[in-house]
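[1] I would like to see how this sequence folds:
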Amino acid sequence: MSERSDALPADVPPPDRGVLEALQVYRAAETAMRRRTGAAMGIGENDFLALRLILDNAAGGRRTAAKDVSAYVGVSSASTTALIDRLVQAGLVERRTNDTDRRSVDLVPTRAAFGDTGPMVAAQEQIAARAAELSEEDAKTVTRFLTTMRETVDRISAERHANRPERT
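    The predicted structure is shown next:
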């Protein structure tokens, strides 16, 4: 058995299996945090994911339509409508007619969404602070790895969707 590097804490697995294990453990911890935060806000996990998308898009100057929520959360258009209705009813999101395409509706976070998501903002700030501790080289490596993992997952999802038997 090889010696572990002194740079690795005792709970970090060795590099030969550590990356994927660490990613799985991180995903589980992040999912649990999302569930707890959503529960504290009185909304379900899918509602929380949709709100996070709408807030992130708004912060990035991007519009969010119902189809974007449907694709991101992975639910039907009917379920998306119900989800958006819940966010509107909770006072977290407004439907606004798109300025350039009057037939389209944008989903916009309300002031309450920013106030009610305090736990999300605090968590994001703490996570960003830890990410800022990475060296430039480490940050590039992690970013490249996570981008490759996302692309792989997206490709697998697209292949599975394309290979599904048609419903009649």
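[2] what ranges of the chain fall below the confidence cut-off?
    1-16, 116-121, 164-168 (pLDDT under 70).
[3] Can you tell me how far the residue nearest in space to the middle of it is from A158?
    By Cα atoms, centre = their mean, the mean C-alpha position of the chain lies nearest to L49, the distance being 6.0 Å. Distance, L49 to A158, using Cβ to Cβ, to the nearest Å: 20 Å. In this view, the C-beta of every residue, glycine as well, is placed from N, C-alpha and C.
[4] Is the residue nearest to the centre of the chain in contact with R34, as I believe?
    Yes - counting by Cβ atoms under 8 Å, R34 is a contact partner of L49 at 7.4 Å.
[5] which element is the residue nearest to the centre of the chain on?
    Per DSSP states H and E, L49 falls inside helix 45-59.
[6] With S157 instead?
    Under the criterion of DSSP H and E, S157 resides in helix 136-162.
[7] Report the distance from that helix to the chain centre.
    Distance of helix 136-162 from its chain centroid, counting by Cα atoms, centre = their mean, to the nearest Å, is 14 Å.
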